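Chemist: okay, predicted coordinates and the sequence, questions at the end:
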Amino acid sequence: MTDAAKLTPVEGIKARSNFLRGSLLESLADSATGTLAEDDTQLSKFHGFYQQDDRDVRDERRRQMLEPDHQFMIRARVPGGICTPDQWLAMDAIAAEHANGTIRLTTRQAFQLHGVVKRRLKSTIKAINDSLLDTIAACGDVNRNVMSTVLPEQSALHQRVFDDAAAVSQHLTPNTHAYHEIWLDGEKLTGEQAAQEHEPIYGATYLPRKFKMAFAIPPRNDVDLFAHDLSFIAIVENGELQGYNVAVGGGMGVTHGDPKTYPRLATVVGFCKPEHVLKVAETIVKIQRDFGDRTERKHARLKYTLDDQGEEWLHEQLVHRMGFSLSMARDYHFTHTGDRLGWQQTDDGLWHLGLFIENGRVKDQTSDQSGSKQLTGLREIAKVLKGEFRLTPNQNLVIAKVAAADRAGIDQIVAQHGLDSWNRLSPIRENALACVGFPTCGLAMAESERYLPELIGRIETLLEKHGLLQQAITIRMTGCPNGCARPYLSEIGLVGKGPGLYNLHLGAAFNGTRLNSLFRESVQEAEILQILDPLFAEYAAGRADQEHFGDYLFRQGLLSNSTHSTTPQSLSTPLNRLQHE
Amino acid sequence: MFQALRSDNSPFTEQQIEQLKSSLVSLDAAQSAWLSGYIAGCLSSTNEANLPSAAAAAEPSAQQKFHVFYASQTGTGEAIAAELASQLQQAGWSVELQSMGSVRPAQLKKLQHVAVVISTHGEGDPPDDAIDWFDYLQSPRAPRLESLNFTVLALGDRSYEKYCEAGRQLETLLLATGAKIYSERVECDLDYASNAGQWSGQVLGYAHKQQPQQQPQQQPQQQAQQQPPQKPLTDSLAKRGAAQHLSVVPSIEEWTRVKPFKATLERVQKITALESDKHVYHLELSLADSGIEYQPGDSLGVWANNNHEIVTAILTRLNIAADAEIEIDGHVHNAHEVLVRHREITRLSADTVLAYAAVAGQSELQQRFEALESAARRDFIEQRQFIDLVEEYPLADGSVVSLEELADLLRPLASRSYSIASSRAEVDEEVHLTVGTLFSNAIGTERKGVASAFLNHHLQAGDEVGVFLEPNRRFRLPENRQTPIILIAAGTGIAPYRAFLQQLAQEEANTPVWLIFGNPHLRSDFLYQREWLEWREKGLLQHIDCAFSRDQDEKVYVQHIVRQQGERLNQWLQSGAQIYLCGGLAMGKEVELAVQEVLAEQRGLDADEAKEQLAELRRQGRILKDLY
Ligand code: SRM
Ligand SMILES: Cc1cc2nc3c(=O)[nH]c(=O)nc-3n(C[C@H](O)[C@H](O)[C@H](O)COP(=O)(O)OP(=O)(O)OC[C@H]3O[C@@H](n4cnc5c(N)ncnc54)[C@H](O)[C@@H]3O)c2cc1C
Ligand SMILES: Cc1cc2nc3c(=O)[nH]c(=O)nc-3n(C[C@H](O)[C@H](O)[C@H](O)COP(=O)(O)O)c2cc1C
Ligand code: SF4
């Protein structure tokens, strides 16, 4: 479709890679360096890991004439975030033995391990697979971990939707045998097996870019449904799943100073029956496969394909490829993003405990006196838990399916290990997200995970001053504009620009249906607080009943003076719906 | 030293004594040593040596030649041998000066007048050049050498347990063949000038009695008189920085061990990562205007000072005033200065231990030390520095140690050698070193080596340090740049290879290069990693294989890599490759063993055949070593 000359280098690497094998085996065998060959660092993502280095010691090591402190981040897929106690224990052991001793819960309900060195990659990936989780397609130009609402009241419904999510995840998992060959000691393919190897859905060059999916069960929008390439909104009538509204073309990624890149909310394009979910998902993936821009990675996500080709075109493609069209989207209503912490009961009588894990980093505090030992605590829980763990889309963790009788036991472990912070948290902390950022993320421009908790402390002081401490406000920080913590969907968004410098975004909808807009560029902590202080004051004085901070700023048009506001189409559909609901 | 001569304490008359004094006072230690040796040589009873027999007369050229052999690893012995040869020549002899490595031992049968200079390396091992001779003389094939007259100069270092072992063994082996000693073996510690001088004197004395027939009796004598024999000896030893006490002033650009160049330290940078338990530093020194022209493979001699606090501690414990004065080599120094600049207080020797025990009245120490068997003795010495000794075994009540006694029992401070890690083609007038701090921790207190501590932890950029060149012709890049080279190193042994690669990079040579390196951890201990990777990127390095011993459960060392890569190693050797070994002695031994095994395995040889092929590689100079 596009002429080969203009294709991005990554396209060439994929094409040459022989279904993702590349020279990974040689790279692993190279004893002189902790890195992979350059091309392999692209292919490794499809296998679920990223080459990184500890940026804290980069300069020091350059002076020491040593290569950067190379290490790998491994991501394990957990469809819908559901993980058995055994799987948790496995990850816990792997983190201790092969990684940096922490487990990172991600904003997509997956696990991340950091600090795995090259010679341990194989044993680590093998161990993860032995636990029946996997890492293939956790990253790379394929469909990523599929998200699904963690905890609706109706557990049967949750199971139903989760099954669809898992099925889609399964259906869109790459077919290549390379993963088994390299990591799981799988047999090498014979001559004619190799000749027949193919990717039925993706083809030899996979997708132009990463592809993300989520399933949501209103009124909860914990998955930030509008942030994904393709998402499904469960439509339920008297307890029965009717089908899904299909939303297409969401995404957060932006590049500073490149107006051709923008965050975009997914557009709800129609409705499909449950039995058509796989078909719809596969078809939209294939459309993006064929039409996504393979000449410019910054412009390769489905959101740009959709804006370039238009919604009409998408419908034509769907009819043409599926032989039927989507029906009219049904009404739906989201009330909030984020998680509900603490104990909740579902209609089946079982109990679920939502735990707060600050920025998803599960670790035992060595330093602080409060001595929270979350890693140990969760290990203890995993040993006794009869239910399951659920990783939330917001870096938190649910201890799910606990019989009433077992609650006390869990509560005790929770209290002993400092896992009970949820009942002391200010709502703003509860609703905060920070991406990983320094020291591992190669793209970070400013601190994130290591800094946000500190900043929130100062913001809490302001809120207290204005009597707003009990007000739920979403605040999200990322170390760069890629948007890993979906900062453009938070009422207060802080996007890293440089060391100690952030772009301040304000005014997204609390329920995740409106993007925020850039309020001030390149501000430091002091300025951030100076800007927020008077805004909090106005809000405290002028808010309507139950009105959220973002909605207030939006209503007051306080955002009009912002230097840049998001592109109209990205606001269109969901807002329209909101209005006539 | 002749002032003590009186008619009542000597066989001479007053008048003779006056003459003697007037001619002898001008001589310094080395010169008198030479003279004493010379006289001894002349007087040594002739019947010990085999006078030219009729049989010998048949082929005068062979017998009447004087053969000077040397087996030298770092060149000291070679220099002494060369000097002796030139003196013999001036005495009218036709002289053959040869490395033992270049002479098939079978040829010894023909020889008559032989002088051998041999150093000891490894742990009491002969230098590589001598290995063939030792094998041969120990084997059943060993010949009878009745007509051979020889003497041995054994070079060594008392800090090693087997002092001058190789020289001693060689003498025993030759005696076993029926060969005769014409003058006593002389052993030299690191300050070898006077002993070497005395030995050379002995040889010339002996030579004087064995006048080649074809030469008139007096001619050599005249030569000997016109040409004060000590002059050339002392002169060229001084050039090599050997003769510590000679009055000869080297020409200004001639920097030597005795007259080192003051190099300015430009940069010190630790090059093992923070978490590493190795402390290896990269040092850049300026040789600006020194005229010192080193080549890749050479080493740099460095003079270090001992640590002031430790010196003070020693003096206090021995109740010696820091400003007490003493004369050494004609200069007056105070006690502190002597210990800081002129004496070894970090490396002990058996002599030092026992001498200290004696003066300190430490019978306990003496008993304990003498009770130890050799391995334990070595550990005792290696683990302790003098301060440890003094703290562990303090002065017995009532005993007193004088500064003189202290200065005597401690050996003179020796310079330390460091393989040069740079090529002038790349760094111009700089010289780079790669220095690992040597720690010892005998009695719980951590001590550092004098030179490595001085360079790594004491010197600041801008400071000066005395250095001199130690050429190592035995560790050069191959003349023919097409010859493949296999560079094997552990730890700081990688230093000279950096010099090699810098040189090859500058020449844009396409020499096939294979680096095999070992150290504890990839993350923290791959010295100069960025540069090696860059060179590999550019195609200057064909292969890098690393053994990071502690990165996995089972320990992996360079010798394991050699075995793993046996096939490639054999292919490289078959295409004429040279193998370089640099780093610890133990590593060198292990790798040679591994290479031998590879030869056996890859070429289907039995152990002996493989050993012989390895020996052949050595003879061909294709196994080059810089081990310490
Ligand atoms: C771990 C995680 C953030 C967290 O704090 O949880 C994360 C971490 C990284 N993301 Fe992300 N992203 C994570 C969710 C997201 C999200 C949120 C979401 O998907 O709901 C987004 C925005 C949505 C989107 O995709 O538009 C996101 C948009 C990006 C982008 C920008 C993509 C774009 O279209 O421009 C990059 C950079 C890229 O892909 O070139 C990126 C790249 C990265 C990398 C791998 C940096 C890199 O490419 O070298 C980060 C690894 C940091 C580290 O040291 O761990 N990450 N990333 C999240 C892992 C999710 C998962 O389990 O798969
Ligand atoms: C040709 C050559 C090249 C060299 N190149 C390098 C180089 O490139 N880089 C480098 O770092 N070094 C190199 N060395 C070694 C270097 O010369 C010094 O020996 C080393 O730095 C230790 O010296 P020092 O004065 O610091 O320690 P010393 O003061 O000599 O010894 C310190 C302490 O170590 C203990 N000790 C003494 N001898 C031994 C022994 N044989 N084994 C174990 N412990 C002992 C004793 O406790 C002693 O007190 C080279 C040596 C040679 C001969
Ligand atoms: C690595 C190494 C090991 C040595 N081992 C011994 C030894 O075991 N016994 C000894 O008496 N001298 C030993 N020496 C000291 C040398 O014999 C001494 O430096 C001698 O002057 C070197 O002479 P050369 O340059 O001719 O080889 C060793 C020197 C080095 C560098
Ligand atoms: S947002 Fe940027 S800094 Fe943060 S994790 Fe993603 S890529 Fe890294």
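Modeler: Nice, thanks for sending it over. Ligands and ions are numbered 1, 2, ... in the order given.

Chemist: for ligand 2, what's its nearest residue on the stretch 401-550 of chain B.
Modeler: Across the stretch 401-550 of chain B, no residue is closer to ligand 2 than B:Gly449, which sits at 2.1 Å (CB to the nearest ligand atom). In this view, the C-beta of every residue, glycine as well, is placed from N, C-alpha and C.

Chemist: check contacts around that residue.
Modeler: Counting by CB atoms under 8 Å, 6 or more residues apart in numbering or on different chains, B:Gly449 touches B:Thr346, B:Thr437, B:Leu438, B:Phe439, B:Ser440.

Chemist: show me which of those residues are buried.
Modeler: Among the contacts of B:Gly449, the ones that count as buried by 16 or more other CB atoms under 10 Å in any protein chain shown are B:Thr346, B:Thr437, B:Leu438, B:Ser440.

Chemist: out of the contacts of B:Gly449, the closest to ligand 3 would be?
Modeler: Nearest to ligand 3 among those: B:Leu438, at 13.4 Å, using CB to the nearest ligand atom.

Chemist: pLDDT score for that closest one?
Modeler: For B:Leu438, the pLDDT comes out at 96.

Chemist: touching, it and B:Val450? I think so.
Modeler: No - using CB atoms under 8 Å, B:Leu438 and B:Val450 do not qualify as a contacting pair, with a distance of 9.0 Å.

Chemist: check whether the lengthiest helix in chain B contacts ligand 2.
Modeler: For chain B, the helix that runs over the most residues, judged by DSSP state H, is helix B:585-603. No - using CB under 6 Å from any ligand atom, helix B:585-603 never reaches ligand 2; the gap is at least 8.4 Å.

Chemist: buried sites along that helix?
Modeler: B:587-592, B:594-600, B:602.

Chemist: list the contacts of the next helix or strand after it.
Modeler: Note on helix B:585-603: by DSSP states H and E, the next helix or strand toward the C-terminus is helix B:607-619. Under the contact criterion CB under 8 Å, 6+ apart, helix B:607-619 has outside partners B:101, B:128, B:131-132, B:135, B:573, B:579, B:592, B:595-597, B:599-600, B:603, B:605, B:623.

Chemist: next one, pLDDT for the residue of the stretch 401-550 of chain B closest to ligand 2 please.
Modeler: pLDDT, B:Gly449: 97.

Chemist: in JSON lines: the buried residues of helix B:585-603, plus distance to B:Asp397 and pLDDT.
Modeler: What follows is these, written out as JSON lines (distance: CB to CB, whole Å; pLDDT from 0 to 100):
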{"residue": "B:Met587", "distance to B:Asp397": "47", "pLDDT": "97"}
{"residue": "B:Gly588", "distance to B:Asp397": "48", "pLDDT": "96"}
{"residue": "B:Lys589", "distance to B:Asp397": "47", "pLDDT": "95"}
{"residue": "B:Glu590", "distance to B:Asp397": "49", "pLDDT": "98"}
{"residue": "B:Val591", "distance to B:Asp397": "52", "pLDDT": "98"}
{"residue": "B:Glu592", "distance to B:Asp397": "53", "pLDDT": "97"}
{"residue": "B:Ala594", "distance to B:Asp397": "55", "pLDDT": "98"}
{"residue": "B:Val595", "distance to B:Asp397": "58", "pLDDT": "98"}
{"residue": "B:Gln596", "distance to B:Asp397": "57", "pLDDT": "98"}
{"residue": "B:Glu597", "distance to B:Asp397": "59", "pLDDT": "98"}
{"residue": "B:Val598", "distance to B:Asp397": "62", "pLDDT": "98"}
{"residue": "B:Leu599", "distance to B:Asp397": "63", "pLDDT": "98"}
{"residue": "B:Ala600", "distance to B:Asp397": "63", "pLDDT": "98"}
{"residue": "B:Gln602", "distance to B:Asp397": "67", "pLDDT": "98"}
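
Chemist: contacts with ligand 3 among those, please.
Modeler: For ligand 3, no contacts are drawn from the buried residues of helix B:585-603 by CB under 6 Å from any ligand atom.

Chemist: please convert those to a markdown table, extending it with distance to chain A.
Modeler: Shown next, in a markdown table, are these (distance: CB to the nearest CB, whole Å):
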| residue | distance to chain A |
| --- | --- |
| B:Met587 | 17 |
| B:Gly588 | 21 |
| B:Lys589 | 23 |
| B:Glu590 | 18 |
| B:Val591 | 17 |
| B:Glu592 | 22 |
| B:Ala594 | 17 |
| B:Val595 | 20 |
| B:Gln596 | 24 |
| B:Glu597 | 21 |
| B:Val598 | 19 |
| B:Leu599 | 24 |
| B:Ala600 | 25 |
| B:Gln602 | 21 |
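
Chemist: out of those residues, which comes closest to ligand 1?
Modeler: For the buried residues of helix B:585-603, the nearest to ligand 1 is B:Met587 (39.1 Å; CB to the nearest ligand atom).

Chemist: what's the spacing between that closest one and ligand 3?
Modeler: Shown here: B:Met587 relative to ligand 3, a distance of 12 Å by CB to the nearest ligand atom, to the nearest Å.

Chemist: same question, A:Lys286
Modeler: For A:Lys286, the distance to ligand 3 - CB to the nearest ligand atom - is 70 Å.

Chemist: what about that residue, helix or strand, and which?
Modeler: Here A:Lys286 sits within helix A:277-291, counting by DSSP H and E.

Chemist: pull out the buried positions in stretch A:184-196.
Modeler: Across stretch A:184-196, burial judged by 16+ other CB under 10 Å covers A:Leu189.

Chemist: oops, could you answer that again for stretch A:490-504 instead?
Modeler: By neighbour count with 16+ other CB under 10 Å, stretch A:490-504 contains the buried residues A:Ser490, A:Glu491, A:Ile492, A:Gly493, A:Leu494, A:Val495, A:Gly496, A:Lys497, A:Leu501, A:Tyr502, A:Asn503, A:Leu504.

Chemist: can you tell me, leaving aside adjacent residues, what's nearest to A:Leu397?
Modeler: In space, and not counting its chain neighbours, A:Leu397 is closest to A:Leu355: 4.8 Å by CB to CB, 6 or more residues apart in numbering or on different chains.

Chemist: on that earlier part again, residues making contact with the helix holding A:Lys286?
Modeler: By CB under 8 Å, 6+ apart, the residues outside helix A:277-291 that reach it are A:1, A:143, A:164, A:167-168, A:171-172, A:201-203, A:206-208, A:211, A:213, A:229-230, A:232, A:244, A:246, A:248, A:272, A:302, A:305, A:309, A:314, A:317-318, A:321-322, A:326.

Chemist: residues contacting the residue of chain A found nearest ligand 2?
Modeler: Nearest residue of chain A to ligand 2 (CB to the nearest ligand atom) works out as A:Met65 at 15.6 Å. By CB under 8 Å, 6+ apart, A:Met65 lies in contact with B:Gln269, B:Ile271, B:His282, B:Leu527, B:Tyr528, B:Gln529, B:Arg530, B:Glu531.
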